Every structure is written in structure tokens, then in C-alpha cells.
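In: Build me a structure from this.
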Amino acid sequence: MNENTFKERLKLFFIKNQRSSLRIRLFNFSLKLLSCFLYIIRVLLENPSQGNEWSHIFWVNRSLPLWGLQVSVALISLFETILLGYLSYKGNIWEQILRIPFILEIINAVPFIISIFWPSLRNLFVPVFLNCWLAKHALENMINDLHRAIQRTQSAMFNQVLILISTLLCLIFTCICGIQHLERIGKKLNLFDSLYFCIVTFSTVGFGDVTPETWSSKLFVVAMICVALVVLPIQFEQLAYLWMERQKSGGNYSRHRAQTEKHVVLCVSSLKIDLLMDFLNEFYAHPRLQDYYVVILCPTEMDVQVRRVLQIPMWSQRVIYLQGSALKDQDLLRAKMDDAEACFILSSRCEVDRTSSDHQTILRAWAVKDFAPNCPLYVQILKPENKFHIKFADHVVCEEEFKYAMLALNCICPATSTLITLLVHTSRGQEGQQSPEQWQKMYGRCSGNEVYHIVLEESTFFAEYEGKSFTYASFHAHKKFGVCLIGIRREDNKNILLNPGPRCIMNATDICFYINITKEENSAFKNHDHQKKSNVSRSFYHGPSRLPVHSIIASMGTVAIDLQDTSCRSASGPTLSLPSEGNKEVRRPSIAPVLEVADTSSIQTCDLLSDQSEDETTPDEEMSSNVEYAKGYPPYSPYIGSSPTFCHLLHEKVPFCCLRLDKSCQHNCYEDAKAYGFKNKLIIVAAETAGNGLYNFIVPLRAYYRPKKELNPVILLLDNPLDDLLRCGVTFAANMVVVDKESTMSAEEDYMADAKTIVNVQTLFRLFSSLSIITELTHPANMRFMQFRAKDCYSLALSKLEKKERERGSNLAFMFRLPFAAGRVFSISMLDTLLYQSFVKDYMISITRLLLGLDTTPGSGFLCSMKITEDDLWIRTYARLYQKLCSSTGDVPIGIYRTESQKLTTSESQISISVEEWEDTKDAKEQGHHRSNHRNSTSSDQSDHPLLRRKSMQWARRLSRKGPKHSGKTAEKITQQRLNLYRRSERQELAELVKNRMKHLGLSTVGYDEMNDHQSTLSYILINPSPDTRLELNDVVYLIRPDPLAYLPNGEPSRKNSICNTTGQDSREETQL
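Out: Numbering: from 1, shown residues only. Just a heads-up that it's a prediction; the model follows:
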């Protein structure tokens, strides 16, 4: 065995091998501590000698056993030091010799070894207490080897704190031993007095009762203070720096806490205060989540506003912020992702490149799934074509899918976006209860309704309806408890069925999904005797101003529900039909009872609402219509993962050239929408690009259950100058959908991402005041700028109400804004709560997709609406409408969209004056003041009152008709033109501009109505109103209608073979949307 081989083996054992090296370090650390301990024993056993001779400094009394122990420790230490120096030798001997640890080892060990051969030196003083610095050095090496051995790295903060504490202890111990030894010729201090002096001195207190006397001890104290002033600030600076960095990165979530407490992880690209508060408010709104912790994993530094919020005691004890990346296993380990109850991964919707944002989300989802395969994943994606990359996630919400589906349904079922938003938000239904206006109280109270679930056999609401039809259970549960049963899920089927129809029989194991102000488990039931119920039934309907008898007011704990009489009444009973009048020969319409088990005759159309799924055009209409449709699945999907939807298709594919509305081709010569002669009103979509998300806009509008005669033409407008708007038929369009905000995502200020959309919508609103404009914004706070009027006092009053609701802790403070309440605008960020709610209600995403038509399940119903006309007002109440629908068509109503006239009073908080009229009147009055010698007798605030303004206009007309008799025709004409110019408002100027452009383009101006405006009306939604709610004219009722294909006879074509077989070939490949 040669020397190199022997040296390599020693190096492998002492240095390279992690575990053996750790044992050597630990042994070395123990030796140094033992030497310091032996020094303390020697000082305590020594008797203080009398006299002040310098020999007491160099010579001490040391017993023979103690000397033997110290010599043994010195021999072992010196041998180990020389061996490690030899193994670490790399060609420079002086580098090994001049190291401070080696010099200290020589000073403390060599004198003891010499005393073996020279007995007279056995009592020589050796500064063995300096071994504390060697112990500190060994401790640092030992920790490094420990990290290598266990393959785990402690935080830099832990290492720095350990180094600081060991440095401070070494300084104090060195000072204590040095002062005690040097004062052997002075006051002869013991170790305790030396400790007292050092603590008082280093703490800068300096009592002065214990002081050094000899010049040597004074010099030693000065030296130690200088060393402390140099070493300790450096250590403290490094510790403070690491502390600040740890505050930024957030530290770790301990393994012990992860195993004893429940936590969820929120992964985001950048954390904004709005996103954080939406998540926390929605997540902690559920009682059983109060003990959960939220660990936020974000690669960016904590925002100032976020830091301020997380310092609030309510959140500081629940929320832990970690700066790190989900793509690093170390950061996922810090967040204890493998022990988390769930992981929420959100995309950054404010990115300029939304595809790039999705790619980052996909990588985060993959990284989490690879690190913690059993952790449930809740992922938000922006573009639908990226969905198939994360199909493994437990719950996925695609923003563009939901956005375009809500925009589409807003065109055919008004305010569907508001309906969905209110359903997926957690609310106690207390918003607006302090408002003096009745509509705000009703709207706010009904906004507290949410979707809940319960097993039928465990339910007080539905247990008695086992073995009965679904519509029977839904009607009677609403009549008795005020809850709206909307769907079920069979025990043997994971699919949710919305309103499976009257032929569906309820089973004990069915999971029932219902809409109510609170879930059944939080409800208490109060039974009344028969007399009280009779009194209630007699005073049941007393007009719309009377508060509902069994409206449910939400509270924090328990909700009390009055049980109503549920006995079945005959169709001619006084509670469900109007009483007959003596002189009338025509029988008043009545409502049939809802049967427990439906038969074929009970499911038929009625005059109130016909079966729209099977509507067929009359022969005359077929002759006049050249468009033929077939029902089937789209032959092509724009992206992977799109849900196949049964819809209306054309038999033949339309050439691409015919899709250009503004250019004629060889097949047609039309160049504007008016020339096509569409029977139904248009739906115009103004977008920057024709993305794949538009597929989810078109399909719900072409779903198979939509009547053929009510299919609206859809026009895609990729650029919206005024001429193109007029050519595409904006003057006679039913709805204008604006979704052109992606180019403004690069705004430095986040809230400016909606700037382009808001200004474009405002321009359209000013030019076409009668146009129904629907749009989507990024931030809910920007909804206050929709249809903005600077002098609208009613909007200012609503702004004050919103601030008050926000101060009361409401999560829906924006709900009273008129554009949102009417369904004109919504924010897709509101649907973030849909993903958060899925942690508690795993069925919410499925139900929402079924309502929006994104998914279609055989046997599941769909969302539609009906309008209350004068012929339907005999039904009178919502309960009777519920019975009428359930007994005739099997529909289940879930809410009402109500439009009321906006009543203007003289109070400042309720007057709504448009800025155009106010400025026009003001300018006319000022011009009249300058150009007329007659002083105006009206008050200065005349323009603020509509009646006074109307009188002023009448006065101006009379003045215009009175011309001075002595003036000539020219002067009279000039005066008339001036008066006409003064009287013309800004709205009339805009109308004149639009008409001139239409004439220039050769378009007819007949359909342009410039004065019709929505300002005088307000609309709002009543979700699951109480049964005694009065129906009003033009109410729109939201319905969940049964699947019309679920009950087709066997001989009729089903959904599987739905394309007409009249042609002899497979028409699936020839159909086109």
C-alpha cells in the first residue's frame, strides 16, 4: 500500500465521507468543550494566593489528575489538527500553518506536551479558555456536515442566528476568563464577579461597583470592547439582512403544523389586493373552513398593500406568504404541498399574452401534480384551447368559456351573468336592507340565495317526496319551505341532472340540489297550529307592498322557516285561480294540480308557454324561408377538449366569401345587414380577434332547444368605426356585445386594463342610446363607469350605498350598480369565487356549466326564459306560476328579471338628470342672458328641475315664433337659425351626425330612434322569490326546462342519430354552424 492510497483512505474517512466526517467534527467539538470545562474546574479548585506579584499571572496551582486530563486532551487535539492539516495539504505549507484555528491549537496544546518532558512547567498558565473559539469553528463545520449527511438544508437565518449566539458566548466567556486571571494580582475576582462585570460592560450600563484595577486587565477590557465593536455589528448586520430577506420570502410552513393543522396553498404569478381579498372573503365565508390556514406561494415580492392587509390580526394568524416558485421542489416543500388539503392555481389575466400566462399555469399544475400527486388541484385557465393539458386537475374553470357563454345567454335570457354571479357568491342576503327603496331591499334579500345539496332521505325539505315525481317535489318544497329544487344526482351516476322532468321519480339515495337563502342544516323549523295557518292563507296576498309571509332573512347562525300548508287543492280552488264572476259566460282559466306521478297527458304544451324545442314553421314560413336547419353536433371542434353540443346546423357549408357582410361575392350582392332582410334582430359581437372562445358564444345561441324561428343572426365585427357599425345594422340590432380589451392589458396601472372597453361602450351609448350593450370588464370596481353621467344624482346615491355596503363587510357591494343589476355588464373576476366555492361545493362548476349550456347531459334540462304578458297576469303570484309551469310543461322557475320605471322625485338623492340636458339648458340660459335685454325671471337653479326646464323650452319656442315686425326677412331668418342652434342639444347633434353618415352610405334612417333611452327604467333580479311575490307586466321568468329529447318515442330520432336521414348520405360531414 503506497502513501497516496493510504492518504486517500484517510481523507475519505475524515473529510469526504459525510457521516464519518460528521462524527469526527462532533468528537472535536466535544474535546474543545471538555478543555473549557477543565479550565473552569481548575479556577474553582484554586485557592486565591496573597500578594500582587506578577508570578501569579504566569503560574497557577494545578493538581496532578487535572494536569493529566488536560495533557491527554491536548495530545488528542494536536494530533487531530495535524492529521487534518496533512490531509488538507495542497502544496502550500504556510497556508496551513498560518490559519487562526491552527495557531490557537498550538498555543493551547504545545505547552502541555512540553510539560510532559519538563515537569517544572506543569503549573505554567495556558489560556485554555481560547478553545471556545475552536469549539465555535468545529460547530460551524459540524452543521455543514450535518446538512450534507441528511440531505436537508436549514435556512440561512438559522445558521446566522447560531453563529451570532456562539460568537457572543465566546466573547463573553473569553472576557470572563481573561478578567478573572489578570485580576489575580488585583481584586482577585471570582468567576461570578467577572461574569457580572462583563454583562454590565457589554450592555453599556456600567454601574461601576466592579472595576478592573491592574493596567493589564484594563488593557484586556479595552481590547475585548474593540473586538466586540467590530465583530458583533457585522454579525447583527448579516442577521438583519437575512431577516429582511426572510420577510420578503416568507419563511417556511413547518412540517409539524402541516401534519397537525389543515392548510391550502394558493399559487399565483402576482398577488394583487383584490384577488387576495376575494379569495379570503369567499374561502372563509364557510363555517367549516375557519380553522384552515392559507399558504400563498408567489414568485414576486409581497406588495405593499398586501403586506398591510396581512398584518391585520384576523389574517396574520391565518395567512402565510411564501415567496417562491411552484416549479421548485424546495419551495413546494416549504409550502408543505404534499400535506395540503388543496392547491389553487390562478392565471394572471392582466398579462398581455394570455397564452403565455396559460403556459405558466400549465407548468405550475404539472409541477404540483409531480410533487404531490394526491393533492386536489383547482386550476383557472384563460383560453379554452389549453384546457386539455390539465385534464388531470380535479376542477378547472376556463375564463373565456364562461365569459362568452354568459355574454351569449345575456342576449336571450337577460341578466344571466348577474344571475350566475349572485348564485356563486356567498352572501347573507343583508345587502340593501338599510336602503329606503323597496327594489334594493328585495334585490339584496334575494341575492343571498345559493345552491346547496342534501341527500333526500336525510332531508326535512324533500324526504316526504320519495317515490314522487321531481316536479311534484320541486313545487311542494317551494310552496312549503320556500326552497327551489333544481336538480338531482343519482347514486349510480356521477352526472348532475337539472330538472330531469316530471317522469323522474325521486329515490331515497338521490342527492338533491336546491336554491335557498341558507342550507337546511342551518335552519330551524317552526310549526304553527291550523288556525294560524288559516290566518296566514287568508292574508297571503295583499299586494306587492306587503312583505312576504315566509321570506327567509339570512343571519349568521340559524334561519327560522315557517311551515306553510301543503295540502293539495283542486284546480278550481280559490288559492290557485281567480274566482268566477257572475255575469261572465267565458270560463276563467285555471291551474291544474301537480301530479305525484306524471303521465303522458300531464306533459303537454299550454297557451302560456309552448314547447319550443319541437317548434316547426308553418308551410308559408317554410316557403318564405330559404334557410334549412338540421339538428346535430358540429362537425369540427375549434380546440381540443370542447364539449360536443347538440345544436342547429346548416345542411350545406356556406362558402367563406359569403361570410363577409361588407363585401359582395358571386353568390350574393349584399353589402350591409339591411339588405339581407333578416327576420330576427341581430346580435353584434365587437371583438379584436376572432378567437376560439367565440365558439362558446355561438353554440348556446344555436342550441337544439332554441326555437328555429327565434335564432338571431350573429355578426362578428373585428373593427368598429362608425361606418362599419352602421353597415352591420347597429340601428336595428337586439344586442351589441363588446369584448375588445385585450390590447389594453399592457397598461401600467392594473385598473386601466378596462379603459378601451369603457370608452368604446360609452361612445356607443352616446351614439345609440336605445342600443342594448353588453360587455365584460376585468375589475368589478370599473363597472361604475358604464353609461357614465357626471350629473346623475341617482348614480351618486348608488355610489354612496355601495360604500356603505362595503363598510358593512359585504362581498357584493357592486351589485346595486344599475348596469350590473340589469345584466349590461359583469366582471369575469367575479367567477373566481366559483373556483373557490368548489372546495366546499364540488358540484358548483358542473351546475354552472349546465346552466350556461357549456355542457349538455342527456336527461338534464337547460336554462331559458319567458316573458309575462297581459294574458298571463291572471296567474297573479309566483307560487301560482310555479304550479302552472310544473303542471303543464314541467318547467321549474328559479327567478324573476324585473324592469321598473325609475321614479324621479324632487329630492336631490333621487333626481336623475343627464349631463347633456343640464349643460344644454345652462348654455341656452347664458346665451339668452347675453343676447337679450329682457332679464330672465326664473331662478338660477332652473336648469336643475325638469319641469322648469320644460317651461323654459316652451318660452323659447314662443319667443322664436314672435319675430320683430320691423325686421326684414334676412334678420328674421338669422334669428330663427340662432334660436334653433341654441335649442339643439348634444344628443340631437349626435343623432344628426349618425343620420348624415347613414345617408352618405346609402342606408335608410327609418329604424334609427335617437331619443329612446334606458335611463328612465331600472332592472334587477329576484332569485327564488317568495311564493307570494306578485307578478308584474313584462317580468322575465328564468326557467329550467326539461330536456325535450329525453322523452321522445323510440321511433323518433334521438340525440344519437339526430341528423335528418332524408338524404341518402351521412350529412354530419356536410353540416356547418
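In: could you point out the longest strand in this structure?
Out: Among the elements of type strand in the chain, defined by DSSP state E, the one spanning the most residues is strand 892-901.
In: quick one, strands of the stretch 801-950 of the chain?
Out: Listed in chain order, the strands of the stretch 801-950 of the chain (DSSP state E, counting those that start in this stretch) span 825-827, 862-867, 892-901.
In: hang on, the earlier thing: in its sheet, what does the longest strand of the chain sit against?
Out: Strand pairing for strand 892-901, determined by DSSP bridges: strand 1017-1023 (antiparallel), strand 1036-1041 (antiparallel).
In: Most remote residue from the middle of the chain, which is it?
Out: Taking CA atoms, centre = their mean as the measure, the residue most remote from the mean C-alpha position of the chain is residue 120, 83.6 Å away.
In: Does it belong to a helix, a strand or coil?
Out: Assigned by DSSP: H, G, I helix; E, B strand; the rest coil, the conformation of residue 120 is helix.
In: pLDDT score for it?
Out: Looking at residue 120, its pLDDT reads 84.
In: Relative to residue 496, which of the strands of the stretch 801-950 of the chain is closest?
Out: Shortest separation from residue 496 across the strands of the stretch 801-950 of the chain is recorded for strand 862-867, at 13.0 Å, computed as CB to CB. In this view, the C-beta of every residue, glycine as well, is placed from N, C-alpha and C.
In: Send me that closest one as CSV with only the CA atoms.
Out: Taking only C-alpha atoms (Å, rounded to 0.1, in the frame of the first residue of the first chain), the coordinates of strand 862-867 have been written out as CSV:
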residue,chain,number,x,y,z
PHE,A,862,-81.5,23.9,-19.8
LEU,A,863,-81.9,27.5,-18.8
CYS,A,864,-84.4,29.6,-20.7
SER,A,865,-86.8,32.4,-20.0
MET,A,866,-90.4,33.5,-20.6
LYS,A,867,-92.0,36.9,-20.5
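In: Okay, angle between it and strand 892-901 too, please.
Out: 40 degrees (axes from the mean of the first three to the mean of the last three CA atoms, to 10 degrees).
In: Just the buried residues of strand 862-867, please?
Out: Neighbour-count burial for strand 862-867 flags 862-866 (criterion: 16 or more other CB atoms under 10 Å).
In: centre of the chain versus that strand, how much separation?
Out: Centroid separation for strand 862-867 versus its chain: 28 Å, with CA atoms, centre = their mean, to the nearest Å.
In: next one: stretch 811-825
Out: Relative to its parent chain, stretch 811-825 has a centroid offset of 17 Å by CA atoms, centre = their mean.
In: end-to-end on it?
Out: When the termini of stretch 811-825 are compared using CA to CA, to the nearest Å, they are 18 Å apart.
In: quick check: mean pLDDT across that stretch?
Out: Here stretch 811-825 scores 85 as its mean pLDDT.
In: ok, back up a step: keeping just the C-alphas, turn the longest strand of the chain into CSV.
Out: Once non-C-alpha atoms are left out, strand 892-901 reads as follows in CSV (Å, rounded to 0.1, in the frame of the first residue of the first chain):
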residue,chain,number,x,y,z
VAL,A,892,-89.0,24.9,-12.8
PRO,A,893,-88.8,28.7,-12.3
ILE,A,894,-85.7,29.9,-10.4
GLY,A,895,-86.1,33.7,-10.5
ILE,A,896,-87.5,36.8,-12.0
TYR,A,897,-85.9,39.6,-14.0
ARG,A,898,-88.0,42.7,-13.3
THR,A,899,-87.9,46.1,-15.0
GLU,A,900,-89.4,49.1,-13.3
SER,A,901,-89.8,52.7,-14.1
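In: Buried by neighbour count: which residues of that strand qualify?
Out: Here strand 892-901 shows 892-899 as buried, counting by 16+ other CB under 10 Å.
In: Residue 513 and residue 455 touch, don't they?
Out: No - judged on CB atoms under 8 Å, residue 513 makes no contact with residue 455 at a distance of 11.2 Å.
In: Give me the more crowded residue out of these two.
Out: Neighbours of residue 513 and residue 455, each counted by other CB atoms under 10 Å, are more numerous for residue 513; the result is 23 against 15.
In: Let's verify that one: helix, strand, or coil?
Out: For residue 513, the secondary-structure state derived from three-state DSSP is strand.
In: For it, which residues are in contact?
Out: By CB atoms under 8 Å, 6 or more residues apart in numbering, the contact set of residue 513 is 451-453, 485-489, 496, 843, 847.
In: go again using 10 Å as the cut-off
Out: With contact set as CB atoms under 10 Å, 6 or more residues apart in numbering, residue 513 has these partners: 451-454, 484-489, 496-498, 841, 843-844, 846-847.
In: Run through the bridge partners of it.
Out: Beta-bridge pairing for residue 513 (DSSP bridges): residue 453, residue 487.
In: Check residue 896 too.
Out: When bridges are assigned using DSSP bridges, the partners listed for residue 896 are residue 1022, residue 1037.
In: Can you give me the separation between the most centrally placed residue in the chain and residue 378?
Out: The chain has residue 832 as the residue nearest its centroid, 3.2 Å off, counting by CA atoms, centre = their mean. Distance of residue 832 to residue 378, computed by CB to CB, to the nearest Å: 11 Å.
In: Now do the shared contacts for these two.
Out: A shared contact of residue 832 and residue 378, defined by CB under 10 Å, 6+ apart, is any residue touching both; here these are 344, 346, 397.
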